[in-house]
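S.K.: Only the shape, not the letters, is given here:
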């Protein structure tokens with residue numbers, strides 16, 4: 001986002017404030033309840049969306065040094081991410097090529113090589129098979145150069161590590177990711193996430209379909225009501241600037257601070273000073289941009305009615321460099337974010353539970369919820385291309 005775009009969005013916010021309005025679509029829309037409850041459809045979504053499109057599973061600061069590794073549960077199963085001696089990021093199925101045991105059980109650490117606990121086949125952190133016990137007698141025909149850990153194409157970009165399962169290799173993955181993120185590339189550069197550091201991630205499983213979770217972040221109609229005891233009083237009611245950016249969305253949510261900005265001062269005002277910004281990055285990632293940090297929200301569909309939510313604050317300094325005062329500040333900030341987001345996710349659970357009652361055959365989206373209709377139209381398009 002350049003300064004011209006930032007000023008333009010600020011002026012859009014001021015116009016909406018003056019009109020006491022928000023971004024509106026041409027008409028209302030509906031969404032069938034079956035879209036959130038049908039098991040077969042959920043499996044189609046996994047195959048057509050979550051197992052195809054690039055997904056960020058790590059922040060670069062989680063693999064800061066050569067020989068660091070992490071294991072992560074993904075749509076491709078357990079994945080072993082490594083940073084090689086040369087500093088490159090690699091991703092592999094966490095599966096031994098011998099009898100299929102899990103190669104690495106630790107969640108993180110530092111290692112140049114990994115030894116399968118079953119029969120001690122040993123792999124380098126570049127995936128190469130290094131040694132096999134009793135190789136000459138027991139595996140005389142084994143070609144170790146063709147028996148390394150099975151790679152998954154991945155890319156490190158914009159401060160995150162992205163799996164690109166539909167790509168042919170790492171080079172192709174970079175092109176796939178560039179195409180996927182092109183519409184919001186300028187904004188991702190502006191955010192400078194590569195300069196930030198993870199702070200105390202929070203994991204929880206919620207009983208809600210992944211689309212319900214996504215929809216909750218694409219409108220501010222609910223702010224004054226659902227968040228009346230947390231952040232609601234600090235934000236304008238039912239006012240936001242929403243832009244579809246390819247398959248992604250940007251939602252600018254002005255705070256009460258906008259009232260102190262005049263039209264002639266919009267040229268110098270900073271967007272992050274007077275608004276929170278939601279970047280909904282398809283298919284399952286949200287960046288909640290605040291004044292001095294970003295909350296990275298990963299939403300991983302587990303089943304038709306369950307989603308794992310991982311909330312990770314991204315802050316300017318690594319944890320080991322924080323003073324006690326700074327540590328306290330970021331923990332208080334984290335608790336506010338978690339409390340507020342829990343209000344959304346608890347409502348998502350209620351919506352999911354209510355769908356089995358038969359009270360509604362469809363959900364209704366108002367003109368101020370137009371982004372929800374656009375998002376669901378994209379989902380339908382992905383399924384139709386499957």
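M.R.: Ah, there it is. Only a predicted model underlies this, so the values are computations on that prediction, with no experimental measurement involved.

S.K.: Give me the below-cutoff pLDDT ranges for the stretch 201-350 of the chain.
M.R.: The model of the stretch 201-350 of the chain has pLDDT under 70 over residues 264-266.

S.K.: For it, just list every one of the helices.
M.R.: 210-216, 223-226, 271-274, 324-354 (DSSP state H, counting those that start in this stretch).

S.K.: tell me, how many neighbours does residue 2 end up with?
M.R.: 11 (other C-beta atoms under 10 Å). In this view, the C-beta of every residue, glycine as well, is placed from N, C-alpha and C.

S.K.: ugh, wrong one, residue 216
M.R.: Residue 216: 20 neighbours (other C-beta under 10 Å).

S.K.: What is the neighbour count of the closest residue to it other than its chain neighbours?
M.R.: Leaving aside its sequence neighbours, residue 216 sits nearest to residue 344 (C-beta to C-beta, 6 or more residues apart in numbering; 4.7 Å). Close neighbours of residue 344, defined as other C-beta under 10 Å, add up to 18.

S.K.: would a markdown table of the helices of the stretch 201-350 of the chain with distance to residue 157 be doable?
M.R.: Below are those laid out as a markdown table (distance: least, C-beta to C-beta, whole Å):
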| stretch | distance to residue 157 |
| --- | --- |
| helix 210-216 | 22 |
| helix 223-226 | 32 |
| helix 271-274 | 22 |
| helix 324-354 | 25 |
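
S.K.: So for residue 195, which of the ones you listed sits nearest?
M.R.: Among the helices of the stretch 201-350 of the chain, helix 271-274 comes nearest to residue 195, with 14.6 Å by C-beta to C-beta.

S.K.: Buried residues in the closest one, which are they?
M.R.: 271, 272, 274 (16 or more other C-beta atoms under 10 Å).

S.K.: Then stretch 221-237?
M.R.: 221, 223, 226, 227, 230, 231, 232, 235, 236.

S.K.: Can I get the residues you listed in TSV including distance to residue 255?
M.R.: Formatted as TSV, the buried residues of stretch 221-237 follow (distance: C-beta to C-beta, whole Å):
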residue	distance to residue 255
221	16
223	10
226	16
227	12
230	13
231	9
232	11
235	5
236	7
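
S.K.: just curious, which of those residues is nearest to residue 198?
M.R.: Nearest to residue 198 out of the buried residues of stretch 221-237 is residue 231 (C-beta to C-beta; 22.6 Å).

S.K.: Spit out the contact partners of the closest residue in space to that closest one that isn't next to it in sequence.
M.R.: Nearest non-adjacent residue to residue 231, counting by C-beta to C-beta, 6+ apart: residue 340, 5.2 Å away. Listed by C-beta atoms under 8 Å, 6 or more residues apart in numbering, the contact set of residue 340 reads 227, 230, 231.

S.K.: quick one on the thing from earlier: ranking the helices of the stretch 201-350 of the chain by burial, who's on top?
M.R.: Compared across the helices of the stretch 201-350 of the chain, helix 210-216 shows the largest average neighbour count, a mean of 23 (mean count of other C-beta atoms under 10 Å).

S.K.: What pLDDT does the model give residue 114?
M.R.: Looking at residue 114, its pLDDT is 98.

S.K.: First-to-last residue distance for stretch 23-38?
M.R.: 31 Å (C-alpha to C-alpha, to the nearest Å).

S.K.: And for stretch 269-281?
M.R.: 26 Å.

S.K.: which residues are contacting that stretch?
M.R.: So stretch 269-281 is contacted by 1, 6, 9-10, 13, 56, 181, 184, 187, 191, 214, 217-218, 235, 248-255, 257-258, 260-261, 286-291, 375 (C-beta under 8 Å, 6+ apart).

S.K.: Same check on stretch 163-175?
M.R.: Looking at what lies outside stretch 163-175 - C-beta under 8 Å, 6+ apart - the contacts are 51-55, 57, 74-76, 79, 90-91, 151-155, 157, 162, 176-177.

S.K.: So which of those residues sit within helices?
M.R.: Members of these lying in helices (criterion: DSSP state H): 176, 177.

S.K.: Quick one: buried ones out of the contacts of stretch 163-175?
M.R.: Buried residues within the contacts of stretch 163-175, defined by neighbour count using 16+ other C-beta under 10 Å: 51-55, 57, 74-76, 79, 90-91, 152-155, 157, 162, 176-177.

S.K.: Relative to its centre, which residue of the protein is most distant?
M.R.: Computed with C-alpha atoms, centre = their mean, the residue of the chain farthest from its C-alpha average is residue 137, at 48.0 Å.

S.K.: before we move on, back to that, among the buried ones among the contacts of stretch 163-175, which are in strands?
M.R.: 55, 57, 74, 79, 90, 91, 154, 155, 157, 162 (DSSP state E).

S.K.: and the gap between residue 157 and residue 323?
M.R.: Computed as C-beta to C-beta, to the nearest Å, the residue 157 to residue 323 distance reads 32 Å.
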